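Colleague: Provided below for reference: sequence and predicted model.
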Amino acid sequence: MSFAKRIGAAFHTRAGAYIFFALAAAALTFLHSAKWAYGWIAELYPLGSAFVPLVFCLIGLCVLSTLGFLIAAALKPEAVGKNRAFRGFQTAVCVLTGVLFGYTAVLLFGLDKGFIPAEMSKGLWFLVPNLPYPAFFIVPPIAPAIFRKQPKKAFTAFVVLFAAAAIATPVFYISGKPMSIQSPEDKPPELSRAFLNQEAAENAGGGWFVTIDEDFDGDTLSREWAPSPHGLRNKEYWCDNMLEIGGGTVKVYAAALEDNECDICPAKGEFTSGIETRLLEDGRGYEQAFGYYECRVKIPNTTGLWSAFWLQSTSMGRVGDKGRDGSEIDIYESAFPFSPTSVGNAILWDGYAERAGVLGNITDSGIDLYDGDWHTYSLLWTPKYYVFFVDGTATWKTNAGGVSKVPEFIRLTVEIRRGETGPYGSPLGEFKGTKENPDVFEIDYVKVYQHTDFLEHIKSPDDF
């Protein structure tokens, strides 16, 4: 028998079927771990944001098929061996399983970059917490072999295990993505009777109280706020010249200029800005852990850029406690000019280097968010989870990275990427802002609340 035939025959043995079932379960685990390690930021994957779900479906098919092969080999090995169509299908699935196992290993451990210890360590870091999953898949299929001489029990085992795998595959895929949005607290809190300050709330026995109620009614920013850091952001510049405060709103402009007059930025380039509550040496700024955060904005109805409402801590770059000692919390990012009902959210932790973690989510809100009208974006941040809202409707719930326990500051910003993809791998198109016709991100208000029940859970980064 030739070597190729020996390899082919090995696919059809009970041991071979079990090995390929184990490889399919391992591939599912590898991709799940890679999703946690690298999130859904689709620049890392071909085919954009559709790639990961597609591969999950292919691996799920391999899991179910190889499980079927294993049980068939245990129950009717002679019949399986004589059916050429079945053997051909089994061979094709086993080859696909091997390819997917190899690819997901490359993806998780960064092997496309070579054998780099830091990349492999990062993959292992995210794989270890998920190891119970392949055990769940790999151990139960041994049962049909035990009952191979008892057809009724074997058939029952076949049905139960096949159903378990069919149910477990999508559950496994969803875990770590949005938690279910179904409980009453997954609605924006009732704040019409929120207390004016913490003391009043505590004197009344507890409840929600106001921490920021910013309507931007003046012609300057209040003490909590300051322009985003002046200077080069990425490829664009954040420049104070691009802010206009007045008329009850803050307008953040974005434009390509050739005559910018600024002591910090050059005269020529692409310019925009933002506002934030980062703590400054002069005492300005504000930070908070937990609570409810809401802004009302008009996102730029244009291409080549995105606006964002997000929270960040100065300690999110620390590695070792995931997001608990500080996360970047992207309440929304408007990176979908060609899909105007879509909204993106993300949680990032452990900085932005090798060990960085990220989980992102794209939701079809069913609302045209680029229609030039006001829309609200909000976050309920509890000690156990985050819930994100668009116009009062929950769109995502997660505890990705472990919920941050430390105070974070607020940011509303614009970033420009001419002709590139933005967050979530979404195409941004060409940037069109000019001096005569700049793009505009307009902010109406920012409101922040805290709850007395959350106060005892707040920690300092030094507590970790």
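Modeller: Cool, got the structure.
Colleague: what ranges do the helices span in this structure?
Modeller: Applying DSSP state H to the chain gives helices spanning 3-11, 14-38, 51-75, 77-82, 84-109, 117-127, 132-138, 143-146, 151-174, 198-203.
Colleague: And the ones you listed, which one averages the lowest pLDDT?
Modeller: Mean pLDDT is lowest for helix 3-11 out of the helices of the chain, coming in at a mean of 50.
Colleague: Show me what Ser342 bridges to in the sheet.
Modeller: Note on Ser342: beta-bridge partners by DSSP bridges are Asp364.
Colleague: How about Phe309?
Modeller: With DSSP bridges as the criterion, Phe309 is bridged to Tyr332, Leu412.
Colleague: What's the local residue count around it?
Modeller: Phe309 has 26 neighbours, counted by other Cβ atoms under 10 Å. Where you see a C-beta, it was placed from the backbone N, CA and C, and this is true even at glycine.
Colleague: which ones are touching it?
Modeller: By Cβ atoms under 8 Å, 6 or more residues apart in numbering, the contact set of Phe309 is Tyr293, Cys295, Val297, Asp330, Ile331, Tyr332, Tyr377, Ile410, Arg411, Leu412.
Colleague: how far away is it from Asp463?
Modeller: Distance check for Phe309 against Asp463: by Cβ to Cβ, to the nearest Å, it reads 27 Å.
Colleague: Repeat that for Ala267.
Modeller: The gap separating Ala267 from Asp463 is 47 Å, by Cβ to Cβ.
Colleague: mind listing what the nearest residue to Glu258 once chain neighbours are set aside touches?
Modeller: Leaving out its chain neighbours, the residue that sits closest to Glu258 by Cβ to Cβ, 6 or more residues apart in numbering is Lys268, at 4.8 Å. By Cβ under 8 Å, 6+ apart, the contact set of Lys268 is Leu257, Glu258, Asp259, Asn260.
Colleague: According to the record, where do the domains of the protein fall?
Modeller: Domain segmentation of the chain under automatic domain parsing yields 3-174, 184-463.
Colleague: what about His230, distance to Trp374?
Modeller: Distance from His230 to Trp374, by Cβ to Cβ: 28 Å.
Colleague: what about these two, which has more around it?
Modeller: His230 (17 against 14).
Colleague: What is the neighbour count of the nearest residue to Val55 once chain neighbours are set aside?
Modeller: The shortest distance from Val55 to any non-neighbouring residue, by Cβ to Cβ, 6+ apart, is to Leu31 (6.0 Å). Residues contacting Leu31 under the criterion other Cβ under 10 Å number 23.
Colleague: correct me, but Leu31 touches Phe56?
Modeller: Yes. Counting by Cβ atoms under 8 Å, Phe56 is a contact partner of Leu31 at 6.3 Å.
Colleague: So among the contacts of Lys268, which ones count as buried?
Modeller: Buried by 16 or more other Cβ atoms under 10 Å: Leu257, Asn260, out of the contacts of Lys268.
Colleague: before we move on, back to that, ok, the residue nearest to Val55 - contacts?
Modeller: Leu31 touches Val52, Val55, Phe56, Ile59, Thr104, Leu107, Leu108, counting by Cβ under 8 Å, 6+ apart.
Colleague: does Ser378 really touch Glu294, like I thought?
Modeller: Yes. Between Ser378 and Glu294 a contact is recorded at 3.8 Å, counting by Cβ under 8 Å.
Colleague: which neighbours do these two share?
Modeller: Shared contacts of Ser378 and Glu294 (Cβ under 8 Å, 6+ apart): Pro188.
Colleague: Could you check the pLDDT of Ser192?
Modeller: On pLDDT, Ser192 comes in at 90.
Colleague: Kindly report the same for the one 5 residues further on.
Modeller: According to the model's per-residue confidence, Asn197 sits at a pLDDT of 95.
Colleague: follow-up on the earlier one: closest to Asp350 among the contacts of Leu31?
Modeller: Comparing the contacts of Leu31 against Asp350 with Cβ to Cβ places Leu108 closest, at 16.4 Å.
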